[in-house]
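Student: Got a predicted structure here, sequence first:
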Amino acid sequence: MQKPMKNINKNLRYLALTGLLIASVVIIVVIISGWQESPSYFRECEDVDDYTVGDPNNIYRSDASKKRVLGQFGCEGKSWSPKSGYAKYDDIHISETGNWTINIRYSCNNDHSIRIRIYLDNESEPRAIFYPKNTHDWNNFQENGKIKLGAITAGYHSITFKTEGTKYCVADLDYFVLSIQSNGPPWLVIALILFVILIVVVLIMYKQKPEKSDSEESGEGKIEEKEKSIENLPPDKRYTLDENEMNIVNLLSKKDGTIQEDIGKRIGLDKRRVSDYMRNVEYRDMIRRVEDGQRKRVFLKEWVKDLLRESERCEEYKEKCERWLSIVLALREEGNLILQELFEKTKIPKSTISTRILQDLEKRDIIIKRKDKTYELLKYQKNQ
């Protein structure tokens, strides 16, 4: 009877700790909700003061906030040919000095994601760069989420959207909202957060010293799973995918969400080996695996899918796809790198990487070459 009693005590202990954790989280959510930043300035995009591209008068969308938009932003009228230009909004009242964000509601039915640069007043450099995603219908709107604009002083300002333009339009712009970032929750919330952290530490301590199960008592202990990090891979293989790893990526690009076991059958790997290769790709933050009953479905991360779509538009697609992935992986993990460092980490021939690959990536605003001769990612950063 001793062992059932130990199990009951253990379950009661975890139940009590879980209850405390849930209660603390609920309290924190309730209190923090009172400190969420609220919109300070709202503007319909069709209420534009000056523009050289787009139509604020004749484009109607039933799902837009007021049934109208600044339409055809980035193209020329009925011809739909690319047109660069800007849309400027004056007399924007900033109520107080602080760090501000902008949230834009838009629609886009174009596979080509072309950037929109956001300027404050007459500044020469943009405060932010925004890439509209394909919403697959001009009447299907979504918000881009809050983009940081940095510090803005109280008073009246102007906001300008600029675009290089593209065929069939960059986006239809519905409205934008400016918000000031909150100063954070009060001391009581901080105290509660520390309390939750303490509970988590206690839980971890209990998990580190679990009571032995029957299998462990018989010598069948389990090996703890490694943290999902690229650091688990050998340095010379972190940014280069071998044939099987690339086959996994290519298969998922055609049929995302495929069962892991089915992927192994398609590329000729048994269960153990396909699991090993999946783990290596997962370490690079390229896929995610989701439990589906007794099986696992595998999905490509969004940054990988978007990069593959970009590379498909180039000649020598297969070769460039692998090399683009290597370069982006290296810059995602290592930060800014000079040409020699990129060559050493990706094993791409120096002449090829400097004259062809990097130029292609720069043309598509995926990377930029800085004055210190380092290359920096503009898209697909690890923390985006």
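Tutor: Perfect, I can see it now. Fair warning: this is a prediction, and the values are worked out from it, not measured in the lab.
Student: avg pLDDT for the helix or strand harbouring residue 296?
Tutor: According to DSSP states H and E, residue 296 maps onto strand 295-300. Strand 295-300 shows a mean pLDDT of 92.
Student: how far does it sit from the chain's center?
Tutor: On the basis of C-alpha atoms, centre = their mean, to the nearest Å, strand 295-300 sits 19 Å off its chain's mean C-alpha point.
Student: List the buried residues in that strand.
Tutor: 296-298, 300 (16 or more other C-beta atoms under 10 Å). In this view, the C-beta of every residue, glycine as well, is placed from N, C-alpha and C.
Student: what's the answer for stretch 155-175, then?
Tutor: 157, 159-163, 165-175.
Student: and it, C-alpha only, in PDB?
Tutor: The C-alpha trace of stretch 155-175 is given here as PDB (Å, rounded to 0.1, in the frame of the first residue of the first chain):
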ATOM      1  CA  GLY A 155       2.700  68.000 -31.400                       C
ATOM      2  CA  TYR A 156       1.700  67.900 -35.000                       C
ATOM      3  CA  HIS A 157       3.500  65.600 -37.400                       C
ATOM      4  CA  SER A 158       3.200  63.900 -40.800                       C
ATOM      5  CA  ILE A 159       3.400  60.300 -41.800                       C
ATOM      6  CA  THR A 160       4.400  59.200 -45.400                       C
ATOM      7  CA  PHE A 161       4.100  55.800 -47.000                       C
ATOM      8  CA  LYS A 162       6.500  55.300 -50.000                       C
ATOM      9  CA  THR A 163       6.700  52.300 -52.400                       C
ATOM     10  CA  GLU A 164       8.700  51.300 -55.400                       C
ATOM     11  CA  GLY A 165       5.500  49.800 -56.900                       C
ATOM     12  CA  THR A 166       4.800  46.500 -58.500                       C
ATOM     13  CA  LYS A 167       2.500  45.100 -61.200                       C
ATOM     14  CA  TYR A 168      -1.100  44.500 -59.900                       C
ATOM     15  CA  CYS A 169      -0.500  46.900 -57.000                       C
ATOM     16  CA  VAL A 170       1.400  46.600 -53.600                       C
ATOM     17  CA  ALA A 171      -1.700  46.900 -51.400                       C
ATOM     18  CA  ASP A 172      -5.100  48.500 -50.700                       C
ATOM     19  CA  LEU A 173      -4.700  50.600 -47.600                       C
ATOM     20  CA  ASP A 174      -7.700  50.900 -45.300                       C
ATOM     21  CA  TYR A 175      -6.600  52.700 -42.200                       C
END
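Student: any weak-confidence spans in this structure?
Tutor: Flagging of the chain using pLDDT under 70 yields the residue ranges 1-21, 23-39, 182-192, 201-227, 313-320, 353-355, 384.
Student: still on that earlier bit, indicate each strand paired with the strand holding residue 296 and its parallel or antiparallel sense.
Tutor: Strand 295-300 pairs in its sheet with strand 258-259 (antiparallel), strand 287-292 (antiparallel), by DSSP bridges.
Student: So which of those strands is the most surrounded?
Tutor: When those are scored by mean count of other C-beta atoms under 10 Å, the highest mean neighbour count falls to strand 258-259 (a mean of 15).
Student: Which parts of the chain are helices?
Tutor: 2-32, 187-208, 214-217, 243-254, 260-267, 271-283, 302-312, 317-334, 339-346, 350-352, 358-363 (DSSP state H).
Student: residue ranges for the strands of the stretch 1-150 of the chain, please.
Tutor: 39-44, 50-51, 70-73, 75-76, 81-82, 85-94, 98-107, 116-120, 128-130, 142-143, 147-152 (DSSP state E, counting those that start in this stretch).
Student: quick one: buried residues of stretch 377-384?
Tutor: Burial within stretch 377-384, assessed by neighbour count using 16+ other C-beta under 10 Å, is assigned to 377-380.
Student: Having no further points to raise, I will conclude here.
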